[in-house]
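> below: sequence and its predicted model.
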Amino acid sequence: MPEAVAYAAYGGPEVLQPTGIDIPEPDPDQVRVAVRAAGVNPLDWKLRSGALSAAMPVTLPHIPGLEFAGTVDAVGDGVSALEPGDEVFGRASSAYATLLVADTAQLRLRPHDLDVHRAAGLPVAAEAAYRALDELAVAAGETLLVHGAGGAVGNLAVQFAVARGTHVVGTAAERVHRRLADLGATPVTYGDGWPERVRAVAPREVDAVLDTSGADVLGDSARLASGGAARVLTLADPQAAQAHGVRFSAGGSGLDRTGPALDQALALHRRGTLVVPVHEPVPLAEAARAHRLGEAGGLDAKLVLTT
């Protein structure tokens, strides 16, 4: 019997419990995937805790997870581009499981030299980074400031922006400054005084700002950006966005950028420049431990569950 990890009530990590599931059947435009690894994201534990129950309620019991890598196990009647045995990665709900079904539009073939753990940790962060740069209309020759550049989304936003020919300055902890510099960004330590430090190193004025940190930086960011509040976007702080007149993006607008985002990541992989730091994988049955690690903070690498 296929297995999963689910929670039957909101609460702490201890509510995550192993459970059996029925074998899912793919719709005509879907495939069934035997999951080899699943990414763990902040949204997973925010939903599990009940903190978002008013805005984003889930049907209980709920299997968390939004991204994965695995092997195609069966294909729907309308699928011709994939077949059983293909190695894929992408987005799908209920990814904390050994089997799931996924829409083909949100999948890509996994190259043999992109390991399953890095692949499983790509889709959510890649979509968020790609969407943010798209909504900010970041262009070649501009200067972009990324807050939280050392995190999963910030890490890919830096790489996607550099690939566009954008000058990138990234705020982050000093322990990841070397990695950011290797990616082509100019690292700056976060915390008090960051605007002065950014001005000191920016090759020209800052055109746009992306906040992935939620670290109370939006007011100063709006004053720093040459485009003003209209060119400041946060993925982390909707309340502060409203207070400072900047933009907030949560996705779900109906325009799915997962496919193009994965294509961008694969293009970087083919060049040999894609960097996806991954924490030591955690077994699926120990998903509660992964949530505790994530909620404790301080990680500079993606959390991934392995089956």
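Thanks, I have it. Keep in mind the model is a prediction, meaning the values are calculated, not measured. Numbers count the residues shown, from 1 in each chain.

> let me know the outermost residue of the protein.
Computed with C-alpha atoms, centre = their mean, the residue of the chain farthest from its C-alpha average is Asp77, at 30.7 Å.

> what about that one, which SS state?
Under the three-state scheme (DSSP: H, G, I helix; E, B strand; the rest coil), Asp77 adopts coil.

> ok, now which ones touch it?
The contact partners of Asp77, by C-beta atoms under 8 Å, 6 or more residues apart in numbering, come to Pro28. To be clear about C-beta, it is placed using only N, CA and C from the backbone, and glycine gets the same treatment.

> can you check the pLDDT for it?
Looking at Asp77, its pLDDT reads 96.

> where is the longest strand in this structure?
Ranked by residue count under DSSP state E, the longest strand found in the chain is strand 30-40.

> show me what it is packed against.
Counting contacts by 3 or more C-beta pairs under 8 Å, 6 or more residues apart in numbering; DSSP states H and E, strand 30-40 is packed against strand 67-75, strand 99-103, helix 116-120, helix 287-296, strand 303-306.

> indicate which one of the ones you listed is closest to Ala8.
Taking C-beta to C-beta as the criterion, Ala8 comes closest to helix 287-296 out of the helices and strands packed on strand 30-40, the separation being 13.8 Å.

> residues of that closest one that come out buried?
Judged by neighbour count using 16 or more other C-beta atoms under 10 Å, the buried positions of helix 287-296 are Ala287, Ala288, Ala290, His291, Leu293, Gly294.

> repeat for stretch 205-221
206-215, 217-218, 221.

> farthest pair within those residues?
Taking C-beta to C-beta, the two most distant members of the buried residues of stretch 205-221 are Asp207 and Gly214; they sit 21.9 Å apart.

> ok so, going back, save the helices and strands packed on strand 30-40 as a markdown table, and put in distance to Gln30 too.
Written out in a markdown table, the entries for the helices and strands packed on strand 30-40 read as follows (distance: least, C-beta to C-beta, whole Å):
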| stretch | distance to Gln30 |
| --- | --- |
| strand 67-75 | 8 |
| strand 99-103 | 5 |
| helix 116-120 | 19 |
| helix 287-296 | 24 |
| strand 303-306 | 22 |
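
> coming back round to it: what about the buried residues of stretch 205-221, which are in helices?
Residues of the buried residues of stretch 205-221 located in helices (DSSP state H): Leu218, Ser221.

> the helices in the chain, which residues?
Across the chain, reading from the start of the chain, the helices by DSSP H fall at 42-49, 116-120, 123-136, 152-163, 177-183, 194-201, 218-224, 238-244, 258-271, 287-296.

> hmm, who's touching the shortest one?
It stands for helix 116-120. With C-beta under 8 Å, 6+ apart as the test, helix 116-120 has contacts from 36-39, 67-70, 87, 89, 110, 276, 278, 281, 302, 304, 306.

> so what pLDDT did Gly251 get?
At Gly251, the pLDDT value in this model is 74.

> for Met56, see how far away it is.
Using C-beta to C-beta, to the nearest Å, one gets 12 Å for the distance from Gly251 to Met56.

> comparing the two, which residue is more hemmed in?
Gly251 (15 against 12; other C-beta atoms under 10 Å).

> thinking the more buried one is in contact with Ala132, fair?
No. Between Gly251 and Ala132 no contact is recorded; they are 9.7 Å apart, counting by C-beta atoms under 8 Å.

> could you dump the helices of the chain to JSON lines with distance to Pro61?
Conversion of the helices of the chain to JSON lines gives the following (distance: least, C-beta to C-beta, whole Å):
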{"stretch": "helix 42-49", "distance to Pro61": "11"}
{"stretch": "helix 116-120", "distance to Pro61": "23"}
{"stretch": "helix 123-136", "distance to Pro61": "22"}
{"stretch": "helix 152-163", "distance to Pro61": "27"}
{"stretch": "helix 177-183", "distance to Pro61": "39"}
{"stretch": "helix 194-201", "distance to Pro61": "43"}
{"stretch": "helix 218-224", "distance to Pro61": "37"}
{"stretch": "helix 238-244", "distance to Pro61": "28"}
{"stretch": "helix 258-271", "distance to Pro61": "26"}
{"stretch": "helix 287-296", "distance to Pro61": "14"}
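
> lowest average pLDDT across those?
Ranked by mean pLDDT, the helices of the chain bottom out at helix 238-244, with a mean of 92.

> I'd say Phe68 and Ala92 touch.
Yes. Counting by C-beta under 8 Å, Ala92 is a contact partner of Phe68 at 6.4 Å.

> ok, these two, which is more surrounded?
In this comparison of Phe68 against Ala92, neighbours counted by other C-beta under 10 Å, the higher total goes to Phe68 at 32 against 23.

> and stretch 97-117, what's buried?
Within stretch 97-117, the residues that qualify as buried by neighbour count (16+ other C-beta under 10 Å) are 97-104, 106-110, 114, 116-117.
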